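Student: okay, here's the prediction I keep looking at, along with the sequence it came from:
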2 protein chains.
Amino acid sequence: MFLVYLQVGCENYIRIVVRKSKDKLFVCGTHAFQPRCRHYEFTEQNGFRMQMPKKEDEVGTGMCPFDPNHNSTAIYINGSFYAATVSDPDSRDPLILQKNSESILIRTQPRDSIFLNEPDFVSSYDKDDKVFFFFREMAVENINCGKAVFSRVGRVCKMDKGGAVRTLQNTFTSFFKARINCSIPGEIPFYFDEMQSTSEFGQGNYRPTKDSGDRSDMIYAVFNTPENAIRGSAVCAYKYTDINQVFKRRFKGQESYNYNWLPVSWDNTPSPHPEECHNGSQGAYGYKHLNFIKSHPLMDEAVQPSGGRPMLVFTSINAKFTQIAVDWQVLAADKNYYDVMFVGTDDGRVIKAINKGTKGEIESVVIEDIQVMPHGVPVTSLKIHSDRNDQSQQRLIVMSKERIITIPLQRCNRSNTCSSCVALQDPYCAWNQGLKQCLAAETGVQSIATGINSNCQPEVEVEPKTQAPEVLTTPAKCTCANTKPEDEAEKEILAKNQDKNDKVEMGNSEEVFTADLEGNEDAKAGATMTAQAGGAPLEILVTAVIIAILVSLVVGFFIGYKFQSCRKNRDRDVFYESSSLQRGRNRLSSGDNPYFHTDPKNMQPLKQSNIVVNLKNGKANSLAEPKTVMKSNKVYL
Amino acid sequence: MFLVYLQVGCENYIRIVVRKSKDKLFVCGTHAFQPRCRHYEFTEQNGFRMQMPKKEDEVGTGMCPFDPNHNSTAIYINGSFYAATVSDPDSRDPLILQKNSESILIRTQPRDSIFLNEPDFVSSYDKDDKVFFFFREMAVENINCGKAVFSRVGRVCKMDKGGAVRTLQNTFTSFFKARINCSIPGEIPFYFDEMQSTSEFGQGNYRPTKDSGDRSDMIYAVFNTPENAIRGSAVCAYKYTDINQVFKRRFKGQESYNYNWLPVSWDNTPSPHPEECHNGSQGAYGYKHLNFIKSHPLMDEAVQPSGGRPMLVFTSINAKFTQIAVDWQVLAADKNYYDVMFVGTDDGRVIKAINKGTKGEIESVVIEDIQVMPHGVPVTSLKIHSDRNDQSQQRLIVMSKERIITIPLQRCNRSNTCSSCVALQDPYCAWNQGLKQCLAAETGVQSIATGINSNCQPEVEVEPKTQAPEVLTTPAKCTCANTKPEDEAEKEILAKNQDKNDKVEMGNSEEVFTADLEGNEDAKAGATMTAQAGGAPLEILVTAVIIAILVSLVVGFFIGYKFQSCRKNRDRDVFYESSSLQRGRNRLSSGDNPYFHTDPKNMQPLKQSNIVVNLKNGKANSLAEPKTVMKSNKVYL
């Protein structure tokens, strides 16, 4: 076993970086399967450095995983450190742990699979009097029907001091969990069972609204199908109040071994409801109450997604969703507020999408599909840095294991006609009739619902005003300068090979330009050839005439060949990339695109017959006309 | 309710056509939700006609569904008629029914969901002393974990005369069922839960074998994911002995309501094992025995597929498998015997595939992917008419709702070089070095394992000898002539609009030729233009010279443009159709093609991390060079 450790994890992998306060960090590393933690503080001169006077490294057991591949999460709240990780090298003892300012440890029930069963932790948040943990785990309630992973939200009360001396000492008395459902509804719902990541909590609304008050605390999450299955991904949105409500309802329990997991009747549920947070929980509960808590961590109901179905569904042979960030309640020119989703994939793309369905039903629109990382490099984190007053500061920070790249939240200026600007269906972008520009503005010509607006005047192609915004890369340096967004500092510490990567990124952005030049070369060559042909001398001989014609034919052939070849390459890009910056009514909305569908009506015939009926999937992206503006949608940074 | 019936099913839909003997048919129709049956007999003059002396129509309740959309199956064995259908207009009382020669009816337990729970019946077969029924149904044992459809094989003893007067009178005492598993194995297996169709039983082997004695009774089946899910299809193969073995093992039972479904201990299982067939079952069992049978129709274990995994897995946005036929144990030039699978899809294609994995593991090779029906027309039945002594009689009969088309089992003669012949990896085809032809033969140059054979001499393109086999359509007439394969007569009765369809088919085959001519036109045009250019008169004026050059340039441009355009279209066909008649080592084998994969190693990383690792899917089909031979793989008949 030791040898295996040596091979796979003998470096010190930093797995926990939490902010204690504005200028203090708490960092834990696996330290060759002997986790250790340190305190760092920010200094004006040197960025973050070890806290002075130098403390001994803390033992990180239960705070940081032993195995660098274990998915853990941690958060620091008012002097208390919360971690969701494992406490042993074999990852057999998963736990949620609280270490308070007096260094007292409280944890979840040890080695009890009904509490945590091979979990992969995704994220943790501080909300009101509770701490919430999002994770996926083996579903203990499903075990009689076969192994399955379910997604969960778990929570503990911040004030929980553990149970009484005999029962649940140093063990949370307020840990409960519920299934998080992200599925395509139907007689047999199709579940996206494995949560991959969540956005931050934010004030949002899953559907467009004109009322700036019609928003609530929400979180978006990315789900995948199991690794062994046909690849599918989805984004679901959840209201904080819906999450909380599930914990106030019935518990799920098993009367005894070999019984079904069924809802526990209210008669058998202690009162007050065990989910309520009390200060110092030991005193508040009797033995019977604690015993119930000890055997009933699971809520009966699942948290249902807003709108009752996924915000976005994606199936691809080659890609899955990995990350999500949401720009909350972007005010569009149609005076609606939209939650704009930015979804990262494991092949380096960022997909920007909204829900345009105003009447409750979800009608997702994929606005952009940008190749941000090189092909095959998974997006590992997405953050939005949004300053509503300064457009240049509205950027999406995209991270992979080895790079940090930022891109603007909108690229309106790439559209140079009214119709193409409107066709974006992008809440950020509207066409300014006066300036004849597609601007990131809250007024102008726009039509998110249809992508067509009759106010667009007959069109004259306008040259895009600037080329500058095309260069989207803002390579971040691997130092902790205070000009960077605060939340990102932790990520940058991990970006060791940044200098090298900067070069790679430059290489990639050069590739874009090289491709463009190649495109132009054809045109140039064509022009040159034509000029030569036009300038042929008068006194040419008969044979020369024939030769000239033959040469012209050959030259013309190659120009034509190259020209079509060039068109073809663009065409292919569109098909492979699902690029979607398209003209007119070819937006990738629900049902239009085979890769994105949210409307199960398309997938669900009334009666399934052995004689399978073919279901229409609408037009594929490949039907889009190939045109120059498409190129702008794919950017290798 | 009556109004609804009027709308959807007031015609007489023929749903049951079974052969009583070589010259007698038993036919049932829904008859406006009042099913009726009739006997037909074959006469030399008029084909099949109503049996004389004319009998009254029989009431068809329990023998034919009321609703034409219900999936039923029936079989006639030695004077006994067996049907698996429903006995009421609402399809709430599914049953398997036996009507013997004395018109005594025996059926499965009425309205008991543990026997049959919303089943869709797929097929029925006569084997030894039992009748087997393949179906899918709502899985009662999974109900605590959510609704799911499972695939099943059920069976009754032919000699079963029902239970004693008090228990199970006129009810089968020998109906048992088992789950049929078709899944990609893994920690969390991925199940293809919904059986769509089966092949006939035949003497086969799921993997290549040199030993003609190494074969056993087998059946192949097609499975899909639920309609609501991401579309996926699979083919699994099962041994008859494996099916039989499962019924000799433990039963699955529920101790009481709210208990898990668990295997029943041997102590609690009656002896002799209830699955054994006895003559006249009433006498053979006591009350306790019958009571067990009454509550335990389900076997604990599932029937596992040969090779432990699917023979073929297919994921597509637009298509699903619908039907399968197997040409059993085709002897290839490598002296191995192969089961050749022909799989129909719901978009009108037939996919021909084999398993080339000799060492137990399954390595499927897709040999051909032929568009037999027009796009979007589901294949509803596939039959093989194989006369090993007469190649021209070796044909695949492909049926849709409104057409019957036959295609040859092999199209070796389309390959005109040794390497392209070998690259087919088709067990039927081998290159004859003497005749320099790709022949359907059991000797010659071949390499099914790799698609490359070093015995191929340096190549000279040989013109295909005949064009005749290109016309694959053999439009079947809608009369019951005795020249047709016997099994097909029933299907043809349903092909009402055949005359019209013949025309459509001709239209389609014309399209193929039109497309070919178009391709040639380009070449012709090019030739003509070159000749004109070469033949320009000497006395041309200076301005004419310039015009000639410009015209030549334009003409050359268009030729080049068209030429590349033509290449491009071919390219696209390859990508969209997953066409696979390819040169050299670009065969669609396991892992090579994103649409077909049988190797879960490609899909299953060791540890799933939140930072999702991108998994390679090998090269896509689109990397194949575009070339003329590919065109031959897509045939619109």
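Tutor: The structure has been received and is ready for your questions.
Student: now do the same contact list for A:Asn258.
Tutor: B:Glu255, B:Tyr259, B:Asn260, B:Leu262 (CB atoms under 8 Å, 6 or more residues apart in numbering or on different chains). In this view, the C-beta of every residue, glycine as well, is placed from N, C-alpha and C.
Student: kindly recompute the last result at 10 Å.
Tutor: Residues counted as contacts of A:Asn258 (CB atoms under 10 Å, 6 or more residues apart in numbering or on different chains) are A:Asn144, B:Gln254, B:Glu255, B:Asn258, B:Tyr259, B:Asn260, B:Trp261, B:Leu262.
Student: of those residues, just the buried ones, ChimeraX syntax please.
Tutor: Listed next is the ChimeraX selection for buried residues among these, using 16 or more other CB atoms under 10 Å in any protein chain shown:
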select /A:144 /B:254,259,260,261
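Student: wait, A:Gly29 touches A:Glu58, no?
Tutor: No: counting by CB atoms under 10 Å, A:Gly29 does not reach A:Glu58; the two are 11.3 Å apart.
Student: so what sits against both of those two?
Tutor: In terms of CB under 10 Å, 6+ apart, A:Gly29 and A:Glu58 are both contacted by the residues A:Pro35, A:Arg36, A:Cys37, A:Arg38, A:Cys64.
Student: mind putting these into TSV with secondary structure and neighbour count?
Tutor: Below are the shared contacts of A:Gly29 and A:Glu58 laid out as TSV (DSSP: H, G, I helix; E, B strand; the rest coil; neighbours: other CB atoms under 10 Å in any protein chain shown):
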residue	secondary structure	neighbour count
A:Pro35	coil	28
A:Arg36	strand	19
A:Cys37	strand	23
A:Arg38	strand	18
A:Cys64	strand	28
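Student: could you pull out the helices for the stretch 351-500 of chain A?
Tutor: Per DSSP state H, counting those that start in this stretch, the stretch 351-500 of chain A carries helices over the ranges A:418-423, A:489-494, A:498-534.
Student: do the stretch 1-150 of chain A as well
Tutor: A:2-9.
Student: and for the stretch 201-350 of chain A?
Tutor: A:240-247, A:281-284, A:287-295.
Student: so can I have JSON lines of the ones you listed showing mean neighbour count?
Tutor: JSON lines is the format used below for the helices of the stretch 201-350 of chain A (neighbours: other CB atoms under 10 Å in any protein chain shown):
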{"stretch": "helix A:240-247", "mean neighbour count": "18"}
{"stretch": "helix A:281-284", "mean neighbour count": "17"}
{"stretch": "helix A:287-295", "mean neighbour count": "17"}
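Student: which of those helices comes out lowest on mean pLDDT?
Tutor: Of all those, helix A:281-284 carries the lowest average pLDDT, namely a mean of 54.
Student: report the longest strand in chain A, please.
Tutor: Using DSSP state E to define each element, chain A has its longest strand at strand A:321-331.
Student: list the contacts of A:Met341.
Tutor: A:Met341 touches A:199, A:206, A:220, A:222, A:235, A:237, A:311-312, A:324-327, A:351-355, A:364, A:366-367, A:382, counting by CB under 10 Å, 6+ apart.
Student: also near chain B: which of the residues you listed, exactly?
Tutor: A:Val222 (CB under 10 Å from any CB of the partner chain).
Student: before we move on, the earlier item: redo the contacts of A:Asn258 as a markdown table? Include distance to A:Arg395 and pLDDT.
Tutor: Supplementary listing: these in a markdown table, determined by distance: CB to CB, whole Å; pLDDT from 0 to 100:
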| residue | distance to A:Arg395 | pLDDT |
| --- | --- | --- |
| A:Asn144 | 49 | 88 |
| B:Gln254 | 58 | 92 |
| B:Glu255 | 61 | 89 |
| B:Asn258 | 55 | 88 |
| B:Tyr259 | 57 | 92 |
| B:Asn260 | 53 | 92 |
| B:Trp261 | 55 | 94 |
| B:Leu262 | 57 | 94 |
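Student: what about the contacts of A:Asn258, which are in strands?
Tutor: Per DSSP E, the contacts of A:Asn258 map to strands at B:Gln254, B:Trp261, B:Leu262.
Student: run a quick neighbour tally on the closest residue to the second one other than its chain neighbours.
Tutor: Across the structure, with CB to CB, 6 or more residues apart in numbering or on different chains as the measure, the residue nearest B:Trp261 apart from its sequence neighbours is B:Glu141 (3.9 Å). The number of residues packed near B:Glu141 is 21, by other CB atoms under 10 Å in any protein chain shown.
Student: now do the contacts for B:Glu141.
Tutor: A:144-145, B:114, B:117, B:148, B:150, B:179, B:252-254, B:260-262, B:298, B:300.
Student: and A:Asp93, how close does it get to chain B?
Tutor: Relative to chain B, A:Asp93 is positioned 17 Å away (CB to the nearest CB, to the nearest Å).
Student: one more: A:Gly60?
Tutor: From A:Gly60 to chain B the distance is 20 Å (CB to the nearest CB).
Student: right, and that residue touches A:His31 too?
Tutor: Yes: using CB under 10 Å, A:Gly60 is in contact with A:His31, at 7.3 Å.
Student: neighbour count: these two, which is higher?
Tutor: Legend: neighbour count by other CB under 10 Å for A:Gly60 and A:His31, higher for A:Gly60 (23 against 20).
Student: contact partners for the more buried one?
Tutor: The contact partners of A:Gly60, taken as CB under 10 Å, 6+ apart, are A:15-16, A:27-31, A:34-38, A:66, A:83, A:85.
Student: nearest to B:Arg215 among these?
Tutor: The closest of those to B:Arg215 turns out to be A:Phe66 (CB to CB; 52.5 Å).
Student: gap between the closest one and A:Asp90?
Tutor: Per CB to CB, to the nearest Å, A:Phe66 is found 8 Å from A:Asp90.
Student: those two: which is more packed in?
Tutor: More neighbours surround A:Phe66 than the other of A:Phe66 and A:Asp90, with 23 against 9 (other CB under 10 Å).
Student: what's the per-residue pLDDT of the residue nearest to the more buried one when sequence neighbours are not counted here?
Tutor: Nearest residue to A:Phe66 in three dimensions, chain neighbours excluded: A:Pro89, at 4.2 Å (CB to CB, 6+ apart). A:Pro89 carries a pLDDT value of 91.
Student: A:Pro89: how many residues sit nearby?
Tutor: By other CB under 10 Å, 20 other residues sit near A:Pro89.
Student: isn't it right next to A:Cys64, touching?
Tutor: No: counting by CB under 10 Å, A:Pro89 does not reach A:Cys64; the two are 12.0 Å apart.
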